[in-house]
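> got a predicted structure here, sequence first:
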Amino acid sequence: MRKILVAVFLLLALVVTTLPCSARALERADIIIRGGWVVTMDEAFRVIENGAVVVRRERIVEVGPWAAVSAKYTAARTVDARGRIVMPGLINTHTHVPMVMFRGIADDLVLMDWLQRYIFPAEAKNVDEQFVRWGTRLGCMEMIRGGTTTYVDMYYFEDAIADETARAGMRAVLGETLIDFPAPDNKTWDAGMAYVEKFVSKWKGHPLITPAIAPHAPYTVSTEHLKQAHEFSVRHKAPLIIHVAEDSAEVKTIQERYNASSVAYLDRIGLLDDRVIAAHVVWPTEEDIKTLASRSVGVGHCPQSNMKLAAGVSPVPQMLRAGVAVGLGTDGAASNNDLSLWEEIDTAAKLHKLISKDPTTLNAREVIEMATIRGARAINLDKDIGSLEAGKLADMIIIGTSGAHQTPLYNIYSHLAYATKASDVETVMINGRVVMEGRRLITVDELSVRAKANEYRDRIRKSLAP
C-alpha cells in the first residue's frame with residue numbers, strides 16, 4: 001500500500017511540473033512592465049531586450065526577460081513598453097526647486113554679482129511659504145515630466161517643500177537652508193536651528209522624504225555654526241547639504257579667512273563625513289579630492305549652471321578615478337535655466353571631453369550612471385534606488401524611441417546620453433505609483449500651477465522695479 005501511495009505521489013508531482021504555464025498557479029504582482037529594452041544599471045549593467053519589471057506594492061520583485069517573467073507572474077495591470085526603454089528614474093543631486101519662479105530673472109552675470117545684486121534681494125522681497133509651495137509644484141511638474149524621480153534640495157520653508165513634494169509623489173532629500181543673515185523664513189541662526197529640529201523630527205521615516213540640514217556655504221556660515229550643523233546631522237543621522245568650492249571668489253575668501261582650501265577647512269573643523277552632500281565642488285585641489293574620497297562625501301556636479309555663471313569646470317573625471325561618488329544636478333532654475341537632467345547628461349559628457357581634449361572621457365554609460373546609480377550613491381540611497389533590481393524601490397521611467405531625433409537606434413547608452421530629451425519620457429513610476437502616464441501628469445494640476453507662476457512673475461517684476 002505504501003509503495004502504491006509513493007507511486008501516486010510521484011506521478012502527481014510529474015504531472016504538476018509538466019503542466020503548461022497557463023495551468024500553473026502564478027505569483028501575484030501589482031504591475032508588470034513588459035517589453036522594450038530594460039536598462040537595469042545593476043552591477044553587470046544588464047540591458048534586457050524584450051524585458052520585464054515586476055512590481056508589488058512599492059518594491060521591484062523581479063527583473064528579467066519577458067518570456068521568463070510571464071511564466072512566473074500575473075498582475076492586476078500590465079504596462080506595454082514594447083519599442084520603448086525602461087530604466088531607473090533620474091536623480092537630481094542638487095537644486096533649489098522653488099527658484100523656478102526666478103527663471104530668467106537675471107542672466108549673464110558672475111556668481112557673486114548674480115547672488116548679491118539680484119537673487120538675495122528678490123528672495124527677501126518675494127519668498128514666503130506660498131511662493132515656495134507654488135514654486136515646488138512647478139518644479140515637481142517639470143522634473144516628473146523629464147523623468148526625474150528623486151531630487152536633492154536646499155531652500156527655505158523646507159517643510160512646505162516636503163509637503164508639496166510628497167503630494168506630487170516624488171522622492172527627495174530636502175535640506176532646510178541655514179545662513180548667517182536673515183533668511184525669508186528664519187531671521188536668526190537660532191530660529192533656523194529650531195525650525196530644522198522640528199522639520200527633521202516631523203519627516204524622518206517618511207517613505208518619500210528624507211529630511212536634512214543645509215548650512216548654505218563655508219563663506220556664509222561661521223565656523224561655530226557649521227560645527228552646530230554637523231553635530232545636528234550626527235545626532236539625527238540626517239544628511240548635511242552644503243555648497244563647497246563653488247567658484248574662485250569663494251576659494252579666495254576661504255583661503256584668506258582660514259588659510260586653507262574650502263575642503264581642507266571643512267575637514268579641519270570636522271564637518272566632512274559620509275552624510276555630507278557637497279554641491280558643485282568646482283575648485284578642489286588634488287589633496288581635496290583625496291579627502292572627499294576618504295571621507296565618503298557625495299558630490300553633486302552641476303555642469304550647465306557652472307558654465308553659465310563661468311564658475312569653472314569641476315574635475316569630475318579625477319574625482320571618479322579617486323572613488324568619489326559624483327552625481328548630476330541642475331542647480332536652481334534661476335541659474336540654469338531648467339531642471340532637465342537629460343541636458344546635464346549630454347553637457348557633462350561633452351564638457352569633460354573638451355576640457356580634457358580626450359573624446360573617451362566620461363563615456364555615454366558613465367554619464368547615465370552618474371544620473372542613476374552613482375547619483376544614488378552620492379546621496380546614500382543606492383540600497384533602495386538608482387537601478388532596477390529585485391528588492392529595490394520601484395522608481396522607473398519609460399522612454400519613447402519613435403522621435404526623428406532618436407532614429408535609428410544602435411546603442412542604448414549613446415541614445416540616452418546624446419539623443420534623448422525630457423519630452424521623450426512617457427511614463428514615470430515612483431515608489432510603485434504611476435505619477436505620469438502617456439505624458440499625462442496625474443499628481444499635479446498643471447493649468448493652475450502655470451497660471452499662478454505667471455501671477456508671481458508680474459509681482460516679482462514690480463518688486464524689483466527701480
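Great, that's in hand.
> can you give the domain ranges for this protein?
What automatic domain parsing lists as the domains of the chain is 21-88+396-440, 90-378.
> let me know the average pLDDT across the shortest one.
In other words, domain 21-88+396-440. Domain 21-88+396-440 comes out with an average pLDDT of 95.
> let me have the domains of the chain in CSV, extended by mean neighbour count.
All C-beta spots, glycine's among them, are computed from the backbone N, C-alpha and C. What follows is these, written out as CSV (neighbours: other C-beta atoms under 10 Å):
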stretch, mean neighbour count
domain 21-88+396-440, 18
domain 90-378, 21
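> in contact with the residue lying closest to E197 once chain neighbours are set aside, which residues?
Spatial nearest neighbour of E197, chain neighbours left out: F232 (7.6 Å); criterion: C-beta to C-beta, 6 or more residues apart in numbering. By C-beta atoms under 8 Å, 6 or more residues apart in numbering, F232 lies in contact with 193, 196-197, 200, 213, 238.
> let's see which of those residues end up in helices.
193, 196-197, 200 (DSSP state H).
> tell me which helix or strand of this protein sits lowest on mean pLDDT?
The least trusted helix or strand in the chain, going by mean pLDDT, DSSP states H and E, turns out to be helix 2-17, with a mean of 46.
> K308 against N336, yeah?
Yes. Counting by C-beta atoms under 8 Å, K308 touches N336, with 6.8 Å between them.
> re the thing from before, can you tell me the SS state at the residue nearest to E197?
helix (DSSP: H, G, I helix; E, B strand; the rest coil).
> with the one 10 residues further on instead?
Here I242 takes the strand state, with states given by three-state DSSP.
> quick one: it and T188, what's the gap?
The spacing between I242 and T188, counted by C-beta to C-beta, to the nearest Å, is 20 Å.
> for K452, same thing?
Separation of K452 from T188 (C-beta to C-beta): 31 Å.
> specify the beta-bridge partners of the nearest residue to V297 once chain neighbours are set aside.
Excluding its sequence neighbours, the residue lying closest to V297 (C-beta to C-beta, 6+ apart) is V276, at 4.7 Å. Beta bridges link V276 to L240, judged by DSSP bridges.
> V276 reaches T291, doesn't it?
No. Using C-beta under 8 Å as the test, V276 is too far from T291 to be in contact (11.3 Å).
> which stretches of the stretch 301-450 of the chain form strands?
Assigned by DSSP state E, counting those that start in this stretch, the strands in the stretch 301-450 of the chain fall at 326-328, 396-400, 425-430, 433-437, 440-441.
> can you list those strands in CSV and add distance to V221?
Shown next, in CSV, are the strands of the stretch 301-450 of the chain (distance: least, C-beta to C-beta, whole Å):
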stretch, distance to V221
strand 326-328, 23
strand 396-400, 36
strand 425-430, 33
strand 433-437, 35
strand 440-441, 37
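> between those, which one is nearest to V86?
With C-beta to C-beta, the closest approach to V86 among these belongs to strand 396-400: 5.5 Å.
> what packs against the closest one?
With contacts defined as 3 or more C-beta pairs under 8 Å, 6 or more residues apart in numbering; DSSP states H and E, strand 396-400 has these neighbours: strand 84-88, strand 425-430.
> how far off strand 396-400 does the shortest one point, in degrees?
The one in question is strand 84-88. If you take axes from the mean of the first three to the mean of the last three C-alpha atoms, to 10 degrees, strand 84-88 sits at 160 degrees to strand 396-400.
> export strand 84-88 to CSV, keeping only CA atoms.
Below are the C-alpha coordinates for strand 84-88, written out as CSV (Å, rounded to 0.1, in the frame of the first residue of the first chain):
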residue,chain,number,x,y,z
ARG,A,84,10.5,51.8,-25.6
ILE,A,85,13.3,52.0,-23.0
VAL,A,86,12.6,51.2,-19.3
MET,A,87,15.2,52.5,-16.9
PRO,A,88,15.7,53.8,-13.4
